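here is my input; please provide its structure:
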Amino acid sequence: MTESNDNVSNIHRRYSLTLLTPSSHKVSLVISIITAIITSAIVMAVYLDRTDEMAFRIPAAIAVLIATQYIDSRMIKNKEYSKALHMSFFGNFLWLGIILCGIAASVVLSKESLSLFYLTEGMMIFASFRLGLLTTTLGLSLRKALSLCFMQPLGMFLALVPVAMWPESFAPATVAMGAVFIVVASVWSVITDRAGRPGIESTHKLVQGYLASRSQSNFHEVESILSSKARPSTVITTQIKLQSSSRDFRMILPDIHPGPYYPIGGSNITYRIYKTLNSSAMVMHSISDHALNLPSQEEVENYLKGLSVESSIGKGTTCTEPVTIQVNRARVVGLLFEKTAVLFLSLSPHGMEDVPDYIKKEIEQFASNRNFQRLFVVDCHNAMGKEISEHDSQDLLKAAKTALETLITKQGGTIEFGYANSEGMNLNIKDLGPGGLGVLCLKIMGSKYYIAWADGNNMENGLREKIVEEFAKNNMTLLEVCTSDTHYSSQIVRTRDGYYYFGKITPPEQISAWYLEIAKKAERQLEPGKFEILEQKSNVNLMGMSVFEDCSRALDRCINISKAFMAGSVAYFVVTLFL
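Numbers count the residues shown, from 1 in each chain. Reported below is the predicted structural model:
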């Protein structure tokens, strides 16, 4: 695995931690209230033996809960009510678990009476939990968090426990033992915030920025961090422009990678390019990885400005019939526009991560040795998979070289082309980006061929094959289905992947029907045409690998530190159960 992909994969694995929160703030509100009622009932009936006071003490505790949830939301960064409710939900659940542990310990140890120590200890653990969340994810300084962390647990505690029992509940030894958790949470907060240094100045700010970008589409904080580590680069975008007397179409190969995630930076760059070129384009996935991400919206605009200045580096009127080379799981489809070769690389239906750069370089060197003037290498990105294996990469190289050797022997013919897309079809589906679907129809030497495209983030394994099969039933030759690898998402996706790949939700039969409809429309648009090779240069800042290395290292350190602190805290808590 390449270093950049290794770091990106490591960061992506941590995404599952963000799925621990309930899907709705209403769920958190309801469950926190139910949990608080259960906790209050157990405290009144088992710890205090005052069931006669439940009628007013439980409502009082719930009133404190609801009031402090609102106050929390006004005090935390970005003033998000949902986050205050999530914190309350987990905190109350934790407190309930601790008082149940206290009851279990009392039974196991055959204690004559149930000590209020467990109730007070649970309240202080609740407060320490809040302290950790307030400093890491909710944006408060340690000083402010210390002043706020006790508000909800202590308020509920005082509402439940009669005044006469306060001295016993807050005995010096009890408070001292409970205070250990507050100290541990404070130290943990300081250490984890510094865990990413020197690469990441504040790990907490990085986490807060990420959460703000996901929940509020507030991208400024994260983009500021990413931009500070970006490096100046000149990005080349290459196009094959097909032009007839009435229309034109462009196949775009940008040397940038969509990402890092929506709505940050160039996550929606494929659609932006598509619209910049009047929706008559297919924005292909180049041989690139996340090191080539644009870090901010500002850099996206800089890149798009560069598309307005283009250089013509070749023209022609002929193209060969396509060749398809299959070597084990590797498949390469090739076309030759006079001296410019276009290769589509895929392992579908088996899938893989981004095609690594070394494959592109070796193919380019081979093409140069065979006197090809230019080479377009497209990563079809049309099946989910892991990092490409050494065996598959060698097969892919062999297939690509064979395709180039075969193309040399092919005779070219004049081009007719037609293009159509899904605009006007109202395809408002969750597993497809705003660029929708498109189909290019090529008529070469009397035969028609189709290339399908989707503004999607990869594809369901086997979907390509089902679409190809449906085309074949209609006597239509579908060469390949490609995706743009857009990182656009219309909503927060609560899956381990963090997004819906194309075909994850939409049935393959429906997708095939859409493509067939678009392909027939493209066929009706067939006209004689010519091609032109265009090149644009944009001076932008790219994220590079270092920011992923720094973020990955910071997250790993935070996780390891948290595990150590958690193990120590649990061990200490178990000891207190036997006191």
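
lowest-pLDDT helix or strand in the protein?
Sorting the helices and strands of the chain by mean pLDDT, DSSP states H and E puts helix 3-13 at the bottom, at a mean of 71.

got the contact list for that one?
Defining contact as CB atoms under 8 Å, 6 or more residues apart in numbering, one finds that helix 3-13 is touched by 1, 289-291, 353-354, 356, 387, 498, 545, 548-549, 551-552, 555-556. Heads up, the C-betas are built off the backbone N, CA and C, glycines and all.

one more time with 6 Å, if that's ok
By CB atoms under 6 Å, 6 or more residues apart in numbering, the residues outside helix 3-13 that reach it are 289-291, 545, 548-549, 551-552.

same deal with stretch 238-251?
Against stretch 238-251 from outside (CB under 6 Å, 6+ apart): 252-253, 277, 280-282, 417, 419, 527, 529-532, 534-535.

where exactly do the strands run in this protein?
With DSSP state E, the ranges of strands along the chain come out as 231-243, 248-254, 281-283, 311-316, 318-320, 323-327, 330-337, 340-346, 374-379, 412-421, 437-444, 447-454, 477-483, 527-542.

and the fourth one, which strands flank it?
Partners of strand 311-316 in the sheet, by DSSP bridges, are strand 527-542 (antiparallel).

kindly report the same for the third one.
Counting by DSSP bridges, the strands paired with strand 281-283 are strand 248-254 (parallel).

tell me, how many residues neighbour the nearest residue to L114 once chain neighbours are set aside?
The shortest distance from L114 to any non-neighbouring residue, by CB to CB, 6 or more residues apart in numbering, is to S106 (5.0 Å). Applying other CB atoms under 10 Å, we find 18 residues neighbouring S106.

please apply the same query to H487.
A count of nearby residues for H487, using other CB under 10 Å, gives 25.

now the most far-flung residue of the chain relative to its centre: how far from P254?
Largest separation from the mean C-alpha position in the chain: E112, at 54.0 Å (CA atoms, centre = their mean). Taken as CB to CB, to the nearest Å, the spacing of E112 relative to P254 amounts to 75 Å.

next one: V180
55 Å.

those two: who's more crowded?
More neighbours surround P254 than the other of V180 and P254, with 26 against 17 (other CB under 10 Å).

so what pairs up with the more buried one in the strands?
Counting by DSSP bridges, the residues bridging with P254 are T237.

thought T237 was touching it, still the case?
Yes - counting by CB atoms under 6 Å, P254 touches T237, with 4.5 Å between them.

which residue ranges make up each domain of the chain?
23-215+549-577, 230-542 (automatic domain parsing).

which one of the ones you listed is the most hemmed in?
domain 230-542 (a mean of 20; mean count of other CB atoms under 10 Å).

could you tell me the end-to-end distance of that one?
Domain 230-542 has an end-to-end distance of 5 Å (CA to CA, to the nearest Å).

could you report the pLDDT at L463?
pLDDT, L463: 98.

without its sequence neighbours, what residue ends up closest to it?
Using CB to CB, 6+ apart, the closest residue to L463 is G503 (4.0 Å).

what about the one you found, distance to G446?
Separation of G503 from G446 (CB to CB) stands at 33 Å.

output the longest helix belonging to this protein.
Of all the elements of type helix in the chain, the one with the most residues (DSSP state H) is helix 546-577.

mind giving me the packing neighbours of that one?
If you count contacts as 3 or more CB pairs under 6 Å, 6 or more residues apart in numbering; DSSP states H and E, helix 546-577 packs onto helix 3-13, helix 172-193.

export those helices to a markdown table and tack on distance to F337?
Output for the helices and strands packed on helix 546-577, formatted as a markdown table (distance: least, CB to CB, whole Å):
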| stretch | distance to F337 |
| --- | --- |
| helix 3-13 | 31 |
| helix 172-193 | 55 |
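
those: which one's closest to G122?
Among the helices and strands packed on helix 546-577, helix 172-193 comes nearest to G122, with 8.8 Å by CB to CB.

taking helix 546-577 as reference, get the angle to that closest one.
Using axes from the mean of the first three to the mean of the last three CA atoms, to 10 degrees, the direction of helix 172-193 lies 170 degrees away from that of helix 546-577.

pLDDT check: weakest of the contacts of stretch 238-251?
Sorting the contacts of stretch 238-251 by pLDDT puts L277 at the bottom of the list (91).

find the nearest non-adjacent residue to it, please.
R250 is the one closest to L277 (CB to CB, 6+ apart), at 5.5 Å.

who's that neighbour bridged to?
K241, A281.

please shift the residue numbers so they start at 824 in all later answers.
Got it, first residue is 824 now, which makes that one R1073.

how close does it get to Y1338?
20 Å.

can I get the strands of the chain in CSV with distance to A1018?
As requested, the strands of the chain are arranged in CSV below (distance: least, CB to CB, whole Å):
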stretch, distance to A1018
strand 1054-1066, 24
strand 1071-1077, 35
strand 1104-1106, 38
strand 1134-1139, 47
strand 1141-1143, 55
strand 1146-1150, 46
strand 1153-1160, 41
strand 1163-1169, 39
strand 1197-1202, 35
strand 1235-1244, 47
strand 1260-1267, 44
strand 1270-1277, 40
strand 1300-1306, 36
strand 1350-1365, 26
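
of these, which is nearest G962?
strand 1350-1365 (26.8 Å).

for the closest one, what is the distance to the chain centroid?
Using CA atoms, centre = their mean, to the nearest Å, the mean C-alpha position of strand 1350-1365 is found 29 Å from that of the whole chain.
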